[in-house]
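Asker: Sequence first, then the predicted structure:
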Amino acid sequence: MAEAARKVALKFPHDIAPVAELFLFLAARADLVHRVVRPALEAGQVVVADRFDLSTMAYQVAGGGLPSEEVARAIRLATGGLVPDVTLVLDVPVAVGRARQRAARKVQDRFERQDDAFHDRVREAYRRADGPGVVHIDATQSKRLVQEAAWREVTAVAAPTTRGIS
């Protein structure tokens, strides 16, 4: 269900009302948290996801113009209040990101086809993100350096979960 909702939001050939788009992504997230994330956490596993609450705030609020407080409440409802221990923000200028996508011949989804102004708003939201567990990484570096920096941050957070295991 989660991937089906995401697929509709990303590949729907027509305009989608911003609130409908939000609900599609939150339905996907609610399903993922219920079926995958919470059971894994309860089993003592480390969960790594490529997007969560901050992506919704960046894309649907900063990019799409939805009201921040209402979206934050909807996120809490969809996730049952679950928040990441660490959120990695891989910062790259819009032009660099677009050039990398072209070089990789990536097929663009609805978001990637948005204009630069949209992507500038999204990037700025990510750049302003702060708080417990938010770590910014300069993603203009080589792929290897970005991966190493990300791995350091994830292992620093995940390491305490192994205490008491011999």
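Answerer: Yep, that arrived. Residues are numbered from 1 along each chain as shown.

Asker: for the most centrally placed residue in the chain, helix, strand, or coil?
Answerer: Among the residues of the chain, residue 51 comes closest to the average C-alpha position under CA atoms, centre = their mean, at 2.2 Å. Counting by DSSP: H, G, I helix; E, B strand; the rest coil, the backbone at residue 51 sits in coil.

Asker: Quick check: it vs residue 122, distance?
Answerer: Counting by CB to CB, to the nearest Å, the gap between residue 51 and residue 122 amounts to 12 Å. Just so you know, the C-beta spots here come from the backbone N, C-alpha and C atoms, and that holds for glycine as well.

Asker: Over to residue 158?
Answerer: In terms of CB to CB, residue 158 sits 28 Å off from residue 122.

Asker: for residue 147, same thing?
Answerer: With distances taken as CB to CB, residue 147 is found 23 Å from residue 122.

Asker: Where do the strands of the protein begin and end?
Answerer: Using DSSP state E, the strands found in the chain span residues 87-91, 134-138.

Asker: Arrange the ones you listed in TSV, one row each, with mean pLDDT as further columns.
Answerer: Shown next, in TSV, are these (pLDDT from 0 to 100):
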stretch	mean pLDDT
strand 87-91	97
strand 134-138	97
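
Asker: Select the helix or strand of this protein having the lowest average pLDDT value.
Answerer: helix 2-11 (a mean of 79; mean pLDDT, DSSP states H and E).

Asker: Not counting its own residues, what contacts stretch 68-80?
Answerer: 22-23, 26-27, 29-30, 33, 38, 52-53, 56-57, 60-61 (CB atoms under 8 Å, 6 or more residues apart in numbering).

Asker: and that stretch, which residues are buried?
Answerer: Using 16 or more other CB atoms under 10 Å as the test for burial, stretch 68-80 gives 71, 74-75, 78-79.

Asker: any chance of these in TSV, plus pLDDT and distance to residue 16?
Answerer: Output for the buried residues of stretch 68-80, formatted as TSV (pLDDT from 0 to 100; distance: CB to CB, whole Å):
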residue	pLDDT	distance to residue 16
71	98	15
74	98	16
75	98	18
78	97	18
79	97	22
